[in-house]
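S.K.: From the sequence below, what's the structure:
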Amino acid sequence: MSSSPLAPAGRHHRTSTARERALRTLDVAGRLGTLVTLAALLVVAGAVGGLFDGTPATENATVTATFGR
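M.R.: A predicted model of the protein is given here:
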């Protein structure tokens with residue numbers, strides 16, 4: 001009987017080559033880049049939406065966040 005149901009006794013896991021590790025790293029970097037790009041597009045869409053929301057800009061337009069004291 002083996003000690004682990006996933007790794008039968010007498011068998012070893014194959015180690016990944018440098019090329020496989022590099023390809024996996026590039027894949028992860030590409031996926032993260034995709035997420036960053038989507039997040040940036042959402043920010044740009046929000047900014048463009050703010051430009052055309054129908055509210056006229058004032059001379060001293062500032063954004064102020066006030067929290068309860």
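S.K.: Low-confidence ranges, this structure, go.
M.R.: Scanning the chain for pLDDT under 70 picks out 1-10, 56-61, 69.
S.K.: what about the helices in it?
M.R.: 18-51 (DSSP state H).
S.K.: in it, which residue is closest to the centre?
M.R.: Note on the chain: the residue nearest the mean C-alpha position is residue 35, at 3.7 Å, using CA atoms, centre = their mean.
S.K.: I'd like to know how far that residue sits from residue 20.
M.R.: 23 Å (CB to CB, to the nearest Å). In short, each C-beta sits where N, CA and C put it, glycine included.
S.K.: do residue 41 as well
M.R.: 32 Å.
S.K.: again with residue 43
M.R.: Distance from residue 43 to residue 20, by CB to CB: 35 Å.
S.K.: how many other residues sit next to residue 29?
M.R.: When neighbours are counted by other CB atoms under 10 Å, residue 29 registers 10.
S.K.: Apologies, that question was intended for residue 11.
M.R.: 8.
S.K.: Quick check: the gap between residue 13 and residue 19.
M.R.: From residue 13 to residue 19 the distance is 18 Å (CB to CB).
S.K.: count of neighbours near the closest residue to residue 16 other than its chain neighbours?
M.R.: Take residue 16 and drop its neighbours on the chain: the residue closest to it by CB to CB, 6 or more residues apart in numbering is residue 24, 7.6 Å away. Per other CB under 10 Å, the neighbour tally for residue 24 reads 11.
S.K.: Residue 40 now?
M.R.: 10.
S.K.: got it, and residue 64?
M.R.: 4.
S.K.: go on, residue 14?
M.R.: Counted with other CB under 10 Å, residue 14 comes out at 7.
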